[in-house]
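**Student:** Fold the following.
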Amino acid sequence: MIVREKPGFLALFFVYQGSIAPRVLPQILLIALLSALLVWVHDQYPQLFPELSTSSFAFIGIALSLYLGFRNNACYERWWEGRRLWGQLLIQARSLLRMSLAYRGEESERHKRMARRLVAFAGCLRDQLRDIDPMPGLQEWLSDAECWQLERAVNRPERILQMIGEQVAVEVKTGGFDSVTARNFEQCLNALSEVVAGCERLTNTPLPFAYMLLVHRTSYIYCLLLPFGLVASSGMITPLLTAIVAYAFFGLDELSQQLEQPFGAGDNGLPLDAITLTLERECRQALGEQHLPAAPSARDYRLS
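**Tutor:** Model prediction:
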């Protein structure tokens, strides 16, 4: 995720890091070159290009803008829901960590096991959402027996939650927790399970492909036809005008595609590494470690 202050007026036109322009530059150049070619052909054979009314292009442009706006709103809602789910993950994990510390004490081996499993859960969910093998990063936090169980689990984040639930059940059987305390733990575990299900829903249910295809095709058709409608009236500035329109339409289309998958590792993906590191620092502190990893910060305006 890009994290930076709003640039000044002049710097606004030269910002590269975080801009969508590099991703749509080939399309912009294509439209600009086509426009330049049409300007040259128009100078040579003006009779081929009767002056057309731009009102029809204006109506199509307005309709296309509405479609793009609707799609961007829908994609941003997905992005924001993903951030809300990971915020809920932090809240519930901190609640489990706090209750474990209050009831078992900092030196308790069972409290330390809870803290390690919470870090493993967050890292495992992050890697699963990004289609990365989570096992190498889990070996630091889980025992060999626990890693062996996860290797064979269909849903690894849920299996870690099950391990925590089994730990709570042992506490109840041995008299460490009463039924009320166990119910509080179970409520947090259920909330974390809902977070996992919500993240899976966003990952496995993209926006309808037919809708994306309709907007994408319409954007190309409109930008490819626009130079033919402007060349007779706009002349030499046609490439500039069409490039600006192409930047707006193709840029919005590309941005919506990035926001549609909020857990990706691109510039506009959610900072899952930073959120996981935040929880890891708190769990390491709960484990009694003195030297903690550095707090998450943006590098080159990018918070991953």
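**Student:** Tell me the secondary structure at the most centrally placed residue in the chain.
**Tutor:** Centroid-nearest residue in the chain, with C-alpha atoms, centre = their mean: residue 262, separated by 2.1 Å. Following DSSP: H, G, I helix; E, B strand; the rest coil, the label given to residue 262 is coil.
**Student:** swap in residue 269?
**Tutor:** coil.
**Student:** And for residue 291?
**Tutor:** Assignment for residue 291 (three-state DSSP): coil.
**Student:** Compute the distance between it and residue 285, please.
**Tutor:** According to C-beta to C-beta, to the nearest Å, residue 291 and residue 285 sit 10 Å apart. Quick note: C-beta positions are derived from backbone N, CA and C, even for glycine.
**Student:** which one of those two has more residues nearby?
**Tutor:** Comparing residue 291 with residue 285 by neighbour count (other C-beta atoms under 10 Å), the higher total belongs to residue 285, at 14 against 5.
**Student:** any idea how far the more buried one lies from residue 115?
**Tutor:** Going from residue 285 to residue 115 by C-beta to C-beta gives 9 Å.
**Student:** Quick one: residues contacting residue 191.
**Tutor:** By C-beta atoms under 8 Å, 6 or more residues apart in numbering, the contact set of residue 191 is 88, 92.
**Student:** For residue 2, what are phi and psi?
**Tutor:** phi -80, psi 130 (degrees, to the nearest 10).
**Student:** Who are the packing partners of the helix or strand in which residue 244 is found?
**Tutor:** Assigned by DSSP states H and E, residue 244 belongs to helix 238-260. On a contact count with 3 or more C-beta pairs under 8 Å, 6 or more residues apart in numbering; DSSP states H and E, helix 238-260 meets helix 21-44, helix 55-104, helix 209-234.
**Student:** need the ones you listed in CSV with mean neighbour count, mean pLDDT and distance to residue 297, can you?
**Tutor:** What follows is these, written out as CSV (neighbours: other C-beta atoms under 10 Å; pLDDT from 0 to 100; distance: least, C-beta to C-beta, whole Å):
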stretch, mean neighbour count, mean pLDDT, distance to residue 297
helix 21-44, 16, 89, 24
helix 55-104, 16, 87, 18
helix 209-234, 17, 85, 35
